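Novice: Any chance you can model this:
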Amino acid sequence: MMENLFTEYRFYGEKKLAAGISLPDNKVLKEIVSRIPTTDNDGFKKINFIKEVPEYINQKLNSELNTRFTFGKEAYCVLSENDEINIYADSFLGLIYGAYTLLHQAYAYDGSIKEGILYAEPLCSFRGLKVYLPSPHDLESFYKTVDMLLYYRYNTIIIEVGGAMEYKRHPEINSAWIEYCKDMGQYPERAIEVQNMFDWAKNSIHFENGGGSFLTQDTVRGLVQYCKERGLEVMPEVPSLSHSDYLLMPHPELAERKNDPYPDTYCPSNPDSYKLLFDVLDEVIDVFEPSIVHIGHDEYYSIGICERCRGKDAAEIYAQDIKRIYDYLKSRNIRTMLWAEKLINAIGKAGQPYGGSEYRYRYPDGKIEIKRPATYRSIDLIPRDIITHHWYWSIREGFDDEYLKRGFELVYGNFSPCRFLDWNRRLRAGAKGGSPSNWSSLCEDTLQRNGVLLDIVYGAYLFWSKNYN
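Specialist: Sure thing, here's the model as predicted:
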């Protein structure tokens, strides 16, 4: 696999690292390189990490590999000759990838490092994984997952926060979250049972976030710091409008559907909904210090139900809620990202209504009821610099165009690389990359069972290999 992830390379030998080799000062780079075995025989005596790319390296790349270094893309070059290994990049993340490349080679070649030159640059700028916060009792799985992402040259992690982080302004959220998760975890089918026990559509229930508990803010800061000091972009996901059960279990007065004992959608016409949400956002922003916040907004089903919202246009309700949160984040110099299926008239190939399309139900007596009003017109009512997280890529390829032709930045969510069609064509059309999702704990058995390990490894081909077909 390893050579397939290089843009170009030329190898002419291999040897091991010498015992007592000079290691980098940076603690992260040192930790990676220290995992490579050494030899008492002749070997490389020094590794240099150089965060610049001098012109003579470009000349060498051109003469040996017929390529040039592309700046600003997290590319890197490894030149191994004589007694030294030099890793060149114009970003710290590129240096991290170079360090892991040495580790790749040591694993693949019985501890040896290839002599020669290699160059690698990613095909797309967004290469991520969406996860829950870990259980307070299993932080180690989070660290292992981060290390694995970097090993396969990912650059982003999206962490769903929800009720799984301590809120100092609203401790009632955490107390209610624990009780809610206990209820949903009574037996294996409980959450699905609750999701389907009513005559209206409900959100999927994310009670495994935080292991059904919550982490202190200091603990979450430590997780975020671990990611950032390794160069990863960390995006907190703060579910809002929909998937707001963590906000509404302690505050049912804000629910859109008053008769739901497990409310999941807040009233977007009630100013108090935003007082609570913005308090939560403030604490998340303080802990994560993000440049992008993911605001959820998927599976929005309870639309225009309450007295405040009844009679309002569904697309305008949806767009106004997005713009209100967008404006709040923009005032903090933070970009907005969201799950984007409600922005499109998503009719499946057999005519099924999905996403933001209208869903009508015909009763046996001929009566027709609109179970879900259309929201797709909202795509033309929201700011264009929102990042659309597109997870309907497998229903119709043409859905991509609805975002791209309007100038939205498009990344694929719930990304399953081994099932993805026309990857290269869709990249050329303007997609920026993708992120698999893990909707459970981060322990290795669960990642294996959910297919996430396969998605991560297979995804590296799509993200880095120009020969992927």
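Novice: Verify the stated contact: residue 16 with residue 45.
Specialist: No - using C-beta atoms under 8 Å, residue 16 is not in contact with residue 45; the gap is 11.1 Å. The C-beta positions use only the backbone N, C-alpha and C, and glycine is treated the same way.
Novice: Can you name the residues in contact with the helix or strand harbouring residue 181?
Specialist: Assigned by DSSP states H and E, residue 181 belongs to helix 171-184. Helix 171-184 is contacted from outside by 162-164, 166-167, 190-191, 194, 205, 207, 210, 212-214, 245-247, 249-251, 262, 280, using C-beta atoms under 8 Å, 6 or more residues apart in numbering.
Novice: hmm, try it at 10 Å
Specialist: 162-168, 170, 190-195, 205-216, 245-252, 262, 276, 279-280, 283 (C-beta atoms under 10 Å, 6 or more residues apart in numbering).
Novice: These in helices, which ones?
Specialist: 190-195, 245-248, 276, 279-280, 283 (DSSP state H).
Novice: In ChimeraX, how would I select the buried members of the residues you listed?
Specialist: To isolate the buried ones among these in ChimeraX, judged by 16 or more other C-beta atoms under 10 Å, type:
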select :191,194,195,245,246,247,248,276,279,280,283
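Novice: Sketch out the helices for this protein, chain order is fine.
Specialist: 27-33, 55-65, 92-108, 139-151, 171-184, 190-195, 217-228, 245-248, 271-288, 314-330, 399-404, 423-429, 444-449, 452-464.
Novice: Out of the ones you listed, flag the one nearest residue 344.
Specialist: Taking C-beta to C-beta, helix 399-404 is the member of the helices of the chain nearest to residue 344, at 4.8 Å.
Novice: elements contacting that closest one?
Specialist: With contacts taken as 3 or more C-beta pairs under 10 Å, 6 or more residues apart in numbering; DSSP states H and E, helix 399-404 sits against strand 345-347, strand 353-355, strand 387-390, strand 409-412, helix 423-429.
Novice: Which positions within it qualify as buried?
Specialist: By 16+ other C-beta under 10 Å, the buried positions in helix 399-404 come out as 399-400, 402-404.
Novice: neighbours around residue 81, how many?
Specialist: 13 (other C-beta atoms under 10 Å).
Novice: looking at it, it is touching residue 116, isn't it?
Specialist: Yes - taking C-beta atoms under 10 Å as the definition, residue 81 is a contact partner of residue 116 at 7.5 Å.
Novice: any residues in contact with both of these two?
Specialist: 12-13.
Novice: got the helices and strands packed on helix 399-404 as TSV, with mean neighbour count, mean pLDDT and distance to residue 377 columns?
Specialist: Below are the helices and strands packed on helix 399-404 laid out as TSV (neighbours: other C-beta atoms under 10 Å; pLDDT from 0 to 100; distance: least, C-beta to C-beta, whole Å):
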stretch	mean neighbour count	mean pLDDT	distance to residue 377
strand 345-347	17	95	9
strand 353-355	20	94	12
strand 387-390	26	98	15
strand 409-412	24	98	19
helix 423-429	14	96	23
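Novice: now the ones you listed in a markdown table, with distance to residue 337?
Specialist: Below are those laid out as a markdown table (distance: least, C-beta to C-beta, whole Å):
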| stretch | distance to residue 337 |
| --- | --- |
| strand 345-347 | 19 |
| strand 353-355 | 17 |
| strand 387-390 | 4 |
| strand 409-412 | 8 |
| helix 423-429 | 19 |
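Novice: for the buried residues of helix 399-404, which one is nearest residue 220?
Specialist: Nearest member of the buried residues of helix 399-404 to residue 220, counting by C-beta to C-beta, is residue 403, at 31.0 Å.
Novice: Surely the closest one touches residue 379?
Specialist: Yes - with contacts counted by C-beta under 10 Å, residue 403 reaches residue 379, the gap being 7.7 Å.
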